[in-house]
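Fold the stuff below for me.
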Amino acid sequence: MKKLVVASNNKGKIKEIKEILKDKYEVVTMGEMGFNEDIVEDGDTFYQNAKIKAETVSKALNCDALADDSGLCVEALAGAPGVYSARYSGGHGDDKANRDLLLKNLEGVTDRRAKFVSSIVLIKTNGEEIVGTGETYGKIGFKEQGTNGFGYDCIFISDDLGISFGLASDEEKNKVSHRYRGLIDLLSKL
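You can find the predicted model right below:
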């Protein structure tokens with residue numbers, strides 16, 4: 001099975017990618033391959049940030065590298081938190097603080113439509129770039145529901161499932177998630 005290096009240290013994201021690609025690739029993290037540097041994600045779009053991560057790891061390790069940049073876009077907040085999803089509350093990766101701030105910013109708001117967006121970029125050692133994109137739609141709940149998943153999962157009520165991703169099993173979420181759809185889009189181009 002071909003090895004695929006994921007340019008991420010996000011345990012939740014890596015778990016999902018491994019599960020979705022388990023029949024096609026041996027997924028390893030950049031850390032497992034010896035790359036532990038911080039990558040500055042200063043792009044304005046999910047695609048730009050995914051490309052920055054994939055290119056950095058591909059060049060550093062001289063391998064094919066895949067990166068996902070994804071986030072939550074809320075209609076009533078003009079698409080926020082968007083590319084700032086992981087650092088919406090200021091610090092990077094404080095999921096609880098991010099959810100709390102989002103719920104506070106939506107107090108009194110009735111239009112709670114939202115979508116998760118994923119941009120996945122594969123950079124091959126020959127410089128070839130392949131891009132997959134995926135979206136999944138839903139709405140933001142009024143409180144946390146469930147403990148599965150990570151990030152905003154427990155407040156995102158999936159249109160496909162009718163429950164929050166926090167209540168969904170990994171298998172249920174991985175059949176309808178933005179990341180799944182982005183990976184399927186990317187695989188269709190390989």
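
Does C63 belong to a helix, a strand or coil?
Under DSSP: H, G, I helix; E, B strand; the rest coil, the three-state class of C63 is coil.

just the one 4 residues further on next, same as before
Using three-state DSSP, the three-state assignment for A67 comes out as strand.

Now do the contacts for it.
In this structure, A67 makes contact with 6-8, 49-54, 57, 120-121, 123, judged by CB atoms under 8 Å, 6 or more residues apart in numbering. The C-beta positions use only the backbone N, C-alpha and C, and glycine is treated the same way.

Those in strands, which ones?
Residues of the contacts of A67 located in strands (DSSP state E): 6, 120-121, 123.

if we take these, which one ends up nearest to G93?
V6 (16.6 Å; CB to CB).

Could you check how far that closest one is from L187?
Using CB to CB, to the nearest Å, V6 is found at 14 Å from L187.

Looking at the two, which has the bigger crowd around it?
With neighbours defined as other CB atoms under 10 Å, V6 and L187 compare such that V6 has more, 27 against 16.

Tell me what that one is bridged to.
T29, L66 (DSSP bridges).

how far away is it from G182?
Noted for V6: a distance of 13 Å to G182, by CB to CB.

the residue most distant from the middle of the protein, which is it?
Distance from the C-alpha centroid of the chain, by CA atoms, centre = their mean, peaks at G108 (27.8 Å).

Kindly export the lowest-mean-pLDDT helix or strand in the chain (C-alpha atoms) in PDB.
Every helix and strand of the chain was ranked by mean pLDDT, DSSP states H and E. The lowest is helix 11-21, at a mean of 91. What follows is helix 11-21 as a C-alpha-only set of coordinates in PDB (Å, rounded to 0.1, in the frame of the first residue of the first chain):
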ATOM      1  CA  LYS A  11      -5.300  14.200  15.900                       C
ATOM      2  CA  GLY A  12      -9.000  14.500  15.000                       C
ATOM      3  CA  LYS A  13      -8.200  15.400  11.400                       C
ATOM      4  CA  ILE A  14      -5.600  12.600  11.100                       C
ATOM      5  CA  LYS A  15      -8.000  10.000  12.500                       C
ATOM      6  CA  GLU A  16     -10.700  11.000  10.000                       C
ATOM      7  CA  ILE A  17      -8.200  10.900   7.000                       C
ATOM      8  CA  LYS A  18      -6.800   7.600   8.100                       C
ATOM      9  CA  GLU A  19     -10.300   6.100   8.400                       C
ATOM     10  CA  ILE A  20     -11.500   7.500   5.100                       C
ATOM     11  CA  LEU A  21      -8.400   6.400   3.100                       C
END
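
Look up which residues are beta-bridged to the most centrally placed residue in the chain.
Using CA atoms, centre = their mean, the residue of the chain that lies closest to the mean C-alpha position is S70, 3.7 Å off. S70 has these beta-bridge partners by DSSP bridges: S118.

surely it meets Y47?
No. S70 lies out of contact with Y47 (CB atoms under 8 Å); the separation is 10.7 Å.
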